[in-house]
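Asker: need a structure here:
(chains A and B)
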Amino acid sequence: MKRSPPKLSLSLLTFSALGAGAATPALAADLNVTVEVPRLTVAEYHKPYVAIWVEAPDASTAATLAVWYDADSKENHGTKWLKDMRQWWRKAGRAMSFPADGISGATRAPGPQKLVFSGAKGPLKDLKPGQYNLVVEAAREVGGHEAVRVPFTWGKPGAPATAKGTAEVGAVTVAVK
Amino acid sequence: MTFKKRLLAVAAPLAIGVALFLPSAASAHRGWIVPSFTVLSGDGAWVTLDAAISNELFYADHNPMRLDAVVVTAPDGSVDKIQNALTGKYRSTFDVQLAKPGTYRIGSATSSIMASWTQDGQVKRFRGTPEEFAKQVPAGAADLKTIKSFNRNETFVTRDAPTTTVFAPTGKGLELVPVTHPNDLVAGEAATFKFLLDGKPAADLDVTLAPGNSRYRATPGDFKVKTGADGSFKVTFPEAGMYWLNAVVRTGETGRGPGGGMGGPGGAPAPATPLAGDGMSASYTATLEALRP
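Answerer: Model prediction:
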């Protein structure tokens, strides 16, 4: 499960920092993401493995924000399927080690999953202002694979943008706040 | 020499010859080693592989590949044995544990020599490994003609981040040097490789690429590319899937023309005929996977 209390206090900190220096670029803004894990009527359902990452305009990976997988499985077997999120695996995952502190998390149940990625710490801390895509890539055991991209501008608060997958990823909404 | 001994003397080189030459013997018979996965993650990773010589790619429809010469080169350059090897009617299967992260090469690199010479007024023939050649063919033999072959057949698998240690050229035969890593291939993206022949760029070399699943296509889908002066070639895999990559270099005699045989049909030893001249061949085969974007 997510460690909500520290995240909350950090976003408060960010908010107060923003308030104090209104003239400076809001580099410490947070990335608010809602990922809908679709509810699927299939004979054999396994919760999807999901990688959430920031893609630079040249399609390189700027930051891995979250990876949901079966991190607690016996003998670390969960890592066996990380390569199925193949776009992320090729660009970032294969060079990382798992579990990755602050990035690894358990798989999630169907429904909207609200996430806040702090701009004040972790992978977003050094992200340069500019245009990016947030990518949500899902792979499901005995299921399919899909990646959904949502554009956003990092560096200043902006209106939320939404994109929707067709099968393995539901609506993804991204807002810089 | 007893009859039995003589039989053995004929049979042994023949068997070796068949084993070594089969993968490239006829263009329709294609040798391949196909891994269950080429890109893997996690420290419990294993791959299981099929190896066969077939007409259709990649269906075991002709002969199993002999596994005697198949070895695993680990990311640190150490050589491992294959595990759980089994040779059936149409294919061989085996497993490889990817105990270390990085790129593994799985395959064979074999050299063989065909020779003819004159000894005591009689034409003698030989076919076998360079080591056997040194033992069985007298030094300074009269009218010595040789056809030397070097054959590679391999595939690559990577656990976690790709590495390049296994691609260090040995300077023997045809070798593939990646510019694009062979475990970093995606359908629709251009990939670049380079061929070396005995360590030097193999220019103007025809490279054949043939996609798998040919049974379900009206046309096989093979295509050719040519290497440039630096031995490099560029290829875009049109679709995701397994591909058979092959290139052959031949100079001089092939030993396949009339009079090049080792004996008559049906096992009755006919008088040996000399090779018409010297020759060499080098073949390279790899099974590569292009992933979906």
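Asker: what about chain A, any weak spots by pLDDT?
Answerer: Counting by pLDDT under 70, chain A contains low-confidence ranges at A:1-28, A:73-76.
Asker: so where do the helices sit in it?
Answerer: Listed in chain order, the helices of chain A (DSSP state H) span A:4-20, A:86-91.
Asker: again, but for the stretch 101-250 of chain B
Answerer: B:130-136 (DSSP state H, counting those that start in this stretch).
Asker: OK, contacts around the residue in the stretch 51-200 of chain B that chain A sits nearest to?
Answerer: Using C-beta to the nearest C-beta, the single residue of the stretch 51-200 of chain B nearest to chain A is residue B:161, 4.7 Å away. Using the backbone N, CA and C atoms, a C-beta is placed for each residue, glycine as well. Taking C-beta atoms under 8 Å, 6 or more residues apart in numbering or on different chains as the contact definition, residue B:161 lies against A:94, A:95, B:101, B:102.
Asker: how about the residues of the stretch 151-293 of chain B near chain A?
Answerer: With C-beta under 8 Å from any C-beta of the partner chain as the criterion, the stretch 151-293 of chain B comes near chain A at residues B:158, B:160, B:161, B:162, B:184, B:186, B:291, B:292, B:293.
Asker: return the members of those residues classed as buried.
Answerer: Buried residues within those, counting neighbours by 16 or more other C-beta atoms under 10 Å in any protein chain shown: B:158, B:160, B:162, B:184, B:186, B:291.
Asker: how deep is the closest residue in space to residue A:139 that isn't next to it in sequence tucked in, by neighbour count?
Answerer: What sits nearest to residue A:139 in space, not counting adjacent residues and going by C-beta to C-beta, 6 or more residues apart in numbering or on different chains, is residue A:84, at 3.7 Å. For residue A:84, the count of nearby residues is 21 (other C-beta atoms under 10 Å in any protein chain shown).
Asker: ok, residue A:84 - contacts?
Answerer: By C-beta under 8 Å, 6+ apart, the neighbours of residue A:84 are A:49, A:139, A:145.
Asker: try residue B:75
Answerer: By C-beta under 8 Å, 6+ apart, the contact set of residue B:75 is B:100, B:101, B:102, B:103, B:104, B:163, B:165, B:166.
Asker: inside strands: which ones of those?
Answerer: Members of the contacts of residue B:75 lying in strands (criterion: DSSP state E): B:102, B:103, B:104.
Asker: what score does the first one have for pLDDT?
Answerer: You'll see residue B:102 listed with a pLDDT of 98.
Asker: so is the residue lying closest to it once chain neighbours are set aside in a helix, a strand, or just coil?
Answerer: Closest residue in space to residue B:102, ignoring its immediate chain neighbours: residue B:75 at 2.6 Å, by C-beta to C-beta, 6+ apart. With DSSP: H, G, I helix; E, B strand; the rest coil as the basis, residue B:75 sits in coil.
Asker: report the separation between residue B:75 and residue B:42.
Answerer: Distance from residue B:75 to residue B:42, counting by C-beta to C-beta, to the nearest Å: 15 Å.
Asker: can you pull the contacts of the residue of chain B found nearest chain A?
Answerer: Per C-beta to the nearest C-beta, residue B:42 is where chain B lies closest to chain A, at 3.2 Å. Contacts here follow C-beta under 8 Å, 6+ apart; on that basis residue B:42 touches A:76, A:77, A:78, A:79, A:80, A:82, A:98, B:159, B:160.
Asker: try it again with 6 Å
Answerer: By C-beta atoms under 6 Å, 6 or more residues apart in numbering or on different chains, the residues touching residue B:42 are A:79, A:80.
Asker: repeat for residue B:221
Answerer: By C-beta under 6 Å, 6+ apart, the residues touching residue B:221 are residue B:211.
Asker: again, only using 7 Å
Answerer: Listed by C-beta atoms under 7 Å, 6 or more residues apart in numbering or on different chains, the contact set of residue B:221 reads B:210, B:211, B:214.
Asker: measure the nearest residue to residue A:123 once chain neighbours are set aside to residue A:160 for me?
Answerer: Nearest non-adjacent residue to residue A:123, counting by C-beta to C-beta, 6+ apart: residue A:63, 3.5 Å away. The spacing between residue A:63 and residue A:160, counted by C-beta to C-beta, is 20 Å.
Asker: tell me which of these two has more neighbours.
Answerer: The neighbour count for residue A:63 versus residue A:160, taken as other C-beta under 10 Å, is higher for residue A:63 (21 against 14).
Asker: show me what the more buried one bridges to in the sheet.
Answerer: Under DSSP bridges, the beta-bridge partners of residue A:63 are residue A:54.
Asker: other residues contacting the helix or strand containing residue B:94?
Answerer: Assigned by DSSP states H and E, residue B:94 belongs to strand B:92-97. For strand B:92-97, contacts defined as C-beta under 7 Å, 6+ apart pick out B:46-52, B:64-65, B:67, B:72, B:82-86, B:104, B:106.
Asker: now do the strands in the stretch 51-200 of chain B.
Answerer: For the stretch 51-200 of chain B, the strands defined by DSSP state E, counting those that start in this stretch cover B:63-64, B:71-73, B:79-80, B:83-87, B:92-97, B:102-119, B:122-128, B:142-159, B:174-178, B:190-197, B:200-201.
Asker: as TSV, those strands with distance to residue A:57 would be great.
Answerer: Formatted as TSV, the strands of the stretch 51-200 of chain B follow (distance: least, C-beta to C-beta, whole Å):
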stretch	distance to residue A:57
strand B:63-64	50
strand B:71-73	39
strand B:79-80	43
strand B:83-87	46
strand B:92-97	39
strand B:102-119	30
strand B:122-128	60
strand B:142-159	28
strand B:174-178	27
strand B:190-197	20
strand B:200-201	36
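Asker: residue A:110: which of these is closest?
Answerer: With C-beta to C-beta, the closest approach to residue A:110 among the strands of the stretch 51-200 of chain B belongs to strand B:142-159: 31.6 Å.
Asker: can you give me the offset of stretch B:56-76 from its chain's centre?
Answerer: Between the centre of stretch B:56-76 and the centre of its chain there are 9 Å (C-alpha atoms, centre = their mean, to the nearest Å).
Asker: pLDDT averaged over that stretch - what is it?
Answerer: Averaged over stretch B:56-76, pLDDT sits at 97.
Asker: identify each buried residue in that stretch, please.
Answerer: Buried residues in stretch B:56-76 (16+ other C-beta under 10 Å): B:56-60, B:62-67, B:70-75.
Asker: can you list the residues of the stretch 1-150 of chain B near chain A?
Answerer: Counting by C-beta under 7 Å from any C-beta of the partner chain, the stretch 1-150 of chain B comes close to chain A at B:39, B:40, B:41, B:42, B:43, B:44, B:45.
Asker: how about a cut-off of 6 Å?
Answerer: Selection of the stretch 1-150 of chain B residues close to chain A by C-beta under 6 Å from any C-beta of the partner chain yields B:39, B:41, B:42, B:44.
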